[in-house]
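A.B. asks: Sequence first, then the predicted structure:
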Amino acid sequence: MPAAATRNRAAVDAAELADRLRPILLKLGRHLRRETQKLGISPLDAQLLAVIKARPGAGVSELADIEQMSRPAMSMHVKRLEAAGWLERGVEPGSDRRRTRILLSGAGRAALEAVRRSRTDWLEARLAALEPAELAVLAAALPPLGLLVEKA
C-alpha cells in the first residue's frame with residue numbers, strides 16, 4: 001500500500017468515524033421517515049412501493065425475500081396496499097395463471113412520487129442553509145457513502 005494511503009487510513013479511525021456517523025444517519029433517517037408520515041403513508045409502505053417500482057411484476061415470495069420478511073407478512077402488506085388502491089395484480093400473458101404480477105397502480109406511483117418530493121424538499125431546504133464548501137464536502141462524500149450500502 002502506498003505511504004499516502006497508509007497515512008490516510010491511520011489518520012481516520014473507522015470505529016470512531018462509525019460512532020460519530022451512526023447517530024447522524026439515524027437522525028437523518030428519522031426526519032425523512034417523518035416526512036413520509038406527514039403524507040399519511042407509513043415508512044414501510046413507502047419502502048414496499050419503492051421495491052415494487054424497482055421490481056415490477058415481482059411476486060409475494062420475491063418481495064418477501066428482498067425485504068427479509070415472511071411470505072404471510074408480505075402477503076398481508078400487499079393485500080393492504082392493494083385495498084388502498086396503490087397496487088394492482090395481473091397475470092403475465094402465457095404464464096401460470098396462479099402466478100400474479102404485482103405492479104404499482106397510478107395512485108401508487110403518485111403516492112411514491114409525493115414521498116420522494118416531500119423528502120427531497122425537506123432535505124433541499126436544509127442543504128440550502130449550508131455554505132458552498134460544506135456542500136462540496138457532502139457531494140464528495142456521496143460515492144463512499146454509496147459504497148457503504150452497496151456492500152451491505
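C.D. replies: Cool, the structure landed.

A.B. asks: Find the least confident helix or strand in this protein, judged by mean pLDDT.
C.D. replies: Lowest by mean pLDDT, DSSP states H and E among the helices and strands of the chain is helix 3-11, with a mean of 57.

A.B. asks: Check which element follows that helix along the chain.
C.D. replies: With elements assigned by DSSP states H and E, the helix or strand that comes after helix 3-11 is helix 14-38.

A.B. asks: That following helix: how far from the chain's middle?
C.D. replies: 13 Å (C-alpha atoms, centre = their mean, to the nearest Å).

A.B. asks: Pull out the buried positions in that helix.
C.D. replies: 32-33, 35-36 (16 or more other C-beta atoms under 10 Å). C-betas here are computed from N, CA, C, even on glycine.

A.B. asks: tell me the average confidence for that helix?
C.D. replies: Helix 14-38 carries an average pLDDT of 94.

A.B. asks: Output the below-cut-off pLDDT ranges for this structure.
C.D. replies: 1-10, 91-99, 151-152 (pLDDT under 70).

A.B. asks: Report the spatially closest residue to Leu127, excluding sequence-adjacent ones.
C.D. replies: Leu135 (6.5 Å; C-beta to C-beta, 6 or more residues apart in numbering).

A.B. asks: likewise Gln47?
C.D. replies: Glu67 (7.4 Å).

A.B. asks: do Trp122 as well
C.D. replies: Glu35 (4.9 Å).

A.B. asks: Distance check, the one you found against Pro72.
C.D. replies: To Pro72, Glu35 is 30 Å away according to C-beta to C-beta, to the nearest Å.

A.B. asks: again with Arg119
C.D. replies: To Pro72, Arg119 is 30 Å away according to C-beta to C-beta.

A.B. asks: before we move on, what about Leu21?
C.D. replies: Distance from Leu21 to Pro72, counting by C-beta to C-beta: 36 Å.

A.B. asks: Tell me the spacing between the residue nearest the centre of the chain and Pro72.
C.D. replies: Geometric centre of the chain, nearest residue: Gln47, 5.8 Å, by C-alpha atoms, centre = their mean. Distance of Gln47 to Pro72, given as C-beta to C-beta: 18 Å.
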